[in-house]
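Novice: Predicted model follows, preceded by the sequence.
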Amino acid sequence: MLFAPNRFVMDWVNEKYLRRIEEVLKDLNGGQAPRVNMSVGSAPRESDPVKRSEVPARANGRVHEDAGSRVTEEEKGVAATVPGSTSVRPKSYNDRRPVQVEGDIKHQSFLNEGFTFETFVEGKSNQLARAASMQVAENPGGAYNPLFLYGGVGLGKTHLMHAIGNEIVARNPKAKVAYLRSERFVADMVKALQLNAINEFKRYYRSVDALLIDDIQFFARKERSQEEFFHTFNALLEGGQQVIVTCDRFPKEIVDMEERLKSRFGWGLTVMVEPPELETRVAILMKKAEQANVKLSSEAAFFIAQKIRSNVRELEGALRLVIANAHFTGSEITPPFIRESLKDLLALHEKQVSIDNIQRTVAEYYKIKVADLLSKRRTRTVTRPRQVAMSLSKELTNHSLPEIGDAFGGRDHTTVLHACKKIVELQETDPGIREDYQNFMRLLTT
Ligand SMILES: Nc1ncnc2c1ncn2[C@@H]1O[C@H](COP(=O)(O)OP(=O)(O)OP(=O)(O)O)[C@@H](O)[C@H]1O
C-alpha cells in the first residue's frame, strides 16, 4: 500500500509514476507483478488539535464568532504604513488591472496580467505547484481548497497565485477575485474597526469567489487579524469559494500563528515551490529575454544561470542589468560581457556562505571539532551546536534539506527539519541560543 498526503499527489503519482513503480517492483520481485494500492492518508498527528468537524457552526446564516482578541499595537502599525489604494507590493508590477471589487472597503485589488501560466516556465522544482495551481484555476472551490503554496523568496509563488486568478477571470469574467498581501488585510481590518465598518469588511471579504492572500507569514503576532481571517476562511470554505494562500514556510513552521489556523491551512492542498535547477533557470532566462525582445544565446543564458542560483527574482534582476548594459554600450551579450556587467553582483555571490564555512565557524565558536558535528555523537555539547549549524545552513545557503543532511554525516532530511524547528523554538525561549544565533548571523554574513 502506498500512502499519499492528499488526493492530488495520489492522482499525480497514479497517472505519472504508478506504471513505472509497478515495473520496478516486478523486476525486484523476480518477474512477478505485485498489486500496488494507493490511498490518501498518514498516521494522525496528536499535534493537530482541530478537526474539520470543528468549523464554527452557522446560526441563521451567520458564522458564530468569539468576542475576540483586540487589535495589537503591531496591527495598528501595519495599518499606518500600508498605503490606501496604491500598490501594496514593493515589487514593480508593470501591468495592473483592477479586479471587480465591491463593498464599502474601498481598496483596490490587483492581478498582474503578466503573471499567467503561459509566462510561467515549468521545471522539476515547480512542476507539482504549477499543476496544482492549474487544477485550482480550472475548478475553483473544488477539491483543493485551500491551496497553500509555500517556498523561499522569489521562487514564483506570487506569479502562480496571479496566474490562477487571471485564469479564473478568463474562464469566468464575472468571477470576483481578490488578491492582496496579508498586510493589506490587516490594514483594512484595522481601518474597518476604526470606522465602525467591520461588518462591511466581513461582507466584502466573504463575497468573493476567490480570495488570494500573499505572504501569510506576516499575520504572525497579529492576533485580531488571525482571528478575523480564520472566520473569513471558514465562511469561504463553507460557501465553496476558493482560498489561496502563499507563505515562505510550511504551515506548521509558521511562528506566532494560532494552531487552529495553521491546521486549517493543511485541509486542502499544500505544495512547495522549490529553487529552480540549472535547466529551468536557463529556460526562465530565455523566456524573459524573449519577452523583452532581446536575443540571448544559450551560452549566455547558461553563463548567467550558473552564476546566479539563489532565486528567480535575482536571476531576472541580473538579466535586466545585462540587457541595460548591452543597450547602453551597443555590445553583444557574451560571457565576458556578462562577467563585466555583473561583477559587483558576482563578487557578492562568491562571498556566499557555504555549509563548510558554517561548520567551521560553529565548531570554533563552541570549541568542538568539525568532525564532532558530523559524527553520530549525541551528547548535549555536540547536538545543540550541530542543530545550530544545520539551521544556519538552511537559512544561509540554498541547499535542500537532504543536501544539508548529507553534509552532516549523512543524516536524514527529517533530522535537519527537526533541528531547524528546535532552533526557532529555542530562540524564543533561550536567550543564550538567541544571542549565539545572532552572533553567527553577524560572523557569517558580514
Ligand atoms: N517559473 C517561473 N517562470 C517565469 N518567471 C518566474 C518563475 N518563477 C518566478 N518567476 C519570476 O520571478 C519573479 C519573482 O517571483 P514571485 O514574486 O512570484 O516570487 P515569490 O515566490 O512570490 O517571492 P516572495 O516570497 O518574495 O513574495 C517574478 O517576476 C516572477 O515572474
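Specialist: Good, I have the coordinates.
Novice: For the ligand, what is the nearest residue in the stretch 101-250 of the chain?
Specialist: For the stretch 101-250 of the chain, the nearest residue to the ligand under the criterion Cβ to the nearest ligand atom is residue 156, separated by 2.7 Å. Using the backbone N, CA and C atoms, a C-beta is placed for each residue, glycine as well.
Novice: Would you map the helices across the stretch 201-350 of the chain?
Specialist: For the stretch 201-350 of the chain, the helices defined by DSSP state H, counting those that start in this stretch occupy 223-238, 259-265, 278-291, 298-307, 312-329, 335-341, 343-350.
Novice: name the element residue 149 belongs to?
Specialist: strand 147-150 (DSSP states H and E).
Novice: What lies in contact with that strand?
Specialist: For strand 147-150, the surrounding residues in contact (Cβ atoms under 8 Å, 6 or more residues apart in numbering) are 129, 132-133, 136, 157, 160-161, 164, 242-251, 265-266, 268-273.
Novice: now stretch 438-446: how far from the chain's centre is it?
Specialist: With Cα atoms, centre = their mean, to the nearest Å as the basis, stretch 438-446 stands 25 Å off its chain's centre.
Novice: who in the stretch 51-200 of the chain is up against the ligand?
Specialist: Counting by Cβ under 6 Å from any ligand atom, the stretch 51-200 of the chain comes close to the ligand at 115, 119-121, 126, 153-159.
Novice: Drop anything exposed from these.
Specialist: Applying 16 or more other Cβ atoms under 10 Å to these, the neighbour count classes 115, 119-121, 126, 154-159 as buried.
Novice: Redo those residues as a markdown table? Include secondary structure and pLDDT.
Specialist: Listed next are these as a markdown table, based on DSSP: H, G, I helix; E, B strand; the rest coil; pLDDT from 0 to 100:
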| residue | secondary structure | pLDDT |
| --- | --- | --- |
| 115 | coil | 96 |
| 119 | coil | 96 |
| 120 | coil | 97 |
| 121 | coil | 97 |
| 126 | coil | 94 |
| 154 | coil | 91 |
| 155 | coil | 92 |
| 156 | coil | 95 |
| 157 | helix | 96 |
| 158 | helix | 96 |
| 159 | helix | 97 |
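Novice: Dump the residues of the stretch 51-200 of the chain next to the ligand to a markdown table, plus distance to residue 355.
Specialist: Conversion of those to a markdown table gives the following (distance: Cβ to Cβ, whole Å):
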| residue | distance to residue 355 |
| --- | --- |
| 115 | 34 |
| 119 | 34 |
| 120 | 31 |
| 121 | 28 |
| 126 | 24 |
| 153 | 20 |
| 154 | 21 |
| 155 | 21 |
| 156 | 25 |
| 157 | 25 |
| 158 | 29 |
| 159 | 29 |
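Novice: Report the two of those separated the most.
Specialist: The largest separation in those, counting by Cβ to Cβ, is between 119 and 153 at 19.3 Å.
Novice: Who are the contact partners of the residue of the stretch 301-446 of the chain at minimum distance from the ligand?
Specialist: Going by Cβ to the nearest ligand atom, the ligand is nearest to residue 312 of the stretch 301-446 of the chain, at 3.4 Å. Neighbouring residues of residue 312 by Cβ under 8 Å, 6+ apart: 154-156, 276, 281, 284.
Novice: now do 7 Å
Specialist: Contacts for residue 312 (Cβ atoms under 7 Å, 6 or more residues apart in numbering) come out as 154-156, 276, 284.
Novice: Leaving out the residues flanking it, which one is nearest to residue 9?
Specialist: Of all residues not flanking residue 9 in the chain, residue 128 sits nearest, at 7.8 Å (Cβ to Cβ, 6 or more residues apart in numbering).
Novice: Report the secondary structure element holding that neighbour.
Specialist: helix 127-138.
Novice: before we move on, the earlier item: tell me the most buried of the helices of the stretch 201-350 of the chain?
Specialist: For these, the largest average neighbour count (mean count of other Cβ atoms under 10 Å) is found in helix 223-238, namely a mean of 21.
Novice: which stretches of the protein have low pLDDT?
Specialist: Applying pLDDT under 70 to the chain flags the ranges 5-6, 41-70, 73-74, 76-109, 349-352, 445-446.
Novice: Okay, strands next: where are they in it?
Specialist: With DSSP state E applied, the chain shows strands at 2-4, 38-40, 58-59, 62-63, 96-98, 110-112, 147-150, 177-181, 210-214, 242-247, 269-272, listed in chain order.
Novice: still on that earlier bit, how about the helices of the stretch 201-350 of the chain in JSON lines, adding distance to residue 72?
Specialist: Formatted as JSON lines, these follow (distance: least, Cβ to Cβ, whole Å):
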{"stretch": "helix 223-238", "distance to residue 72": "6"}
{"stretch": "helix 259-265", "distance to residue 72": "16"}
{"stretch": "helix 278-291", "distance to residue 72": "40"}
{"stretch": "helix 298-307", "distance to residue 72": "43"}
{"stretch": "helix 312-329", "distance to residue 72": "30"}
{"stretch": "helix 335-341", "distance to residue 72": "46"}
{"stretch": "helix 343-350", "distance to residue 72": "37"}
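Novice: Kindly report the residues of the stretch 301-446 of the chain close to the ligand.
Specialist: Counting by Cβ under 6 Å from any ligand atom, the stretch 301-446 of the chain sits next to the ligand at 312-313, 316.
Novice: just checking, residue 215 touches residue 181?
Specialist: Yes: the pair residue 215 / residue 181 is scored as a contact, 5.6 Å apart, by Cβ atoms under 7 Å.
Novice: If we ignore the residues flanking it in sequence, what's nearest the spatially most central residue of the chain?
Specialist: Centroid-nearest residue in the chain: residue 150, 2.3 Å away (criterion: Cα atoms, centre = their mean). Leaving out its chain neighbours, the residue that sits closest to residue 150 by Cβ to Cβ, 6+ apart is residue 247, at 4.6 Å.
Novice: coming back round to it: which of residue 215 and residue 181 has more neighbours?
Specialist: residue 181 (21 against 18; other Cβ atoms under 10 Å).
Novice: give me the number of residues near the spatially closest residue to the more buried one that is not a sequence neighbour?
Specialist: Once flanking residues are discounted, residue 181 sits nearest to residue 214: 4.7 Å by Cβ to Cβ, 6+ apart. Here the count is done by other Cβ under 10 Å, and residue 214 has 23 residues near it.
Novice: ok, now which ones touch residue 214?
Specialist: Residues counted as contacts of residue 214 (Cβ under 7 Å, 6+ apart) are 158, 161, 180-182, 246.
Novice: make it 6 Å
Specialist: The contact partners of residue 214, by Cβ atoms under 6 Å, 6 or more residues apart in numbering, come to 158, 181, 246.
Novice: Relative to residue 342, how far out is the residue nearest to residue 162 when sequence neighbours are not counted?
Specialist: Distance criterion Cβ to Cβ, 6+ apart; nearest residue to residue 162, sequence neighbours excluded, is residue 115 at 3.6 Å. Distance, residue 115 to residue 342, using Cβ to Cβ, to the nearest Å: 25 Å.
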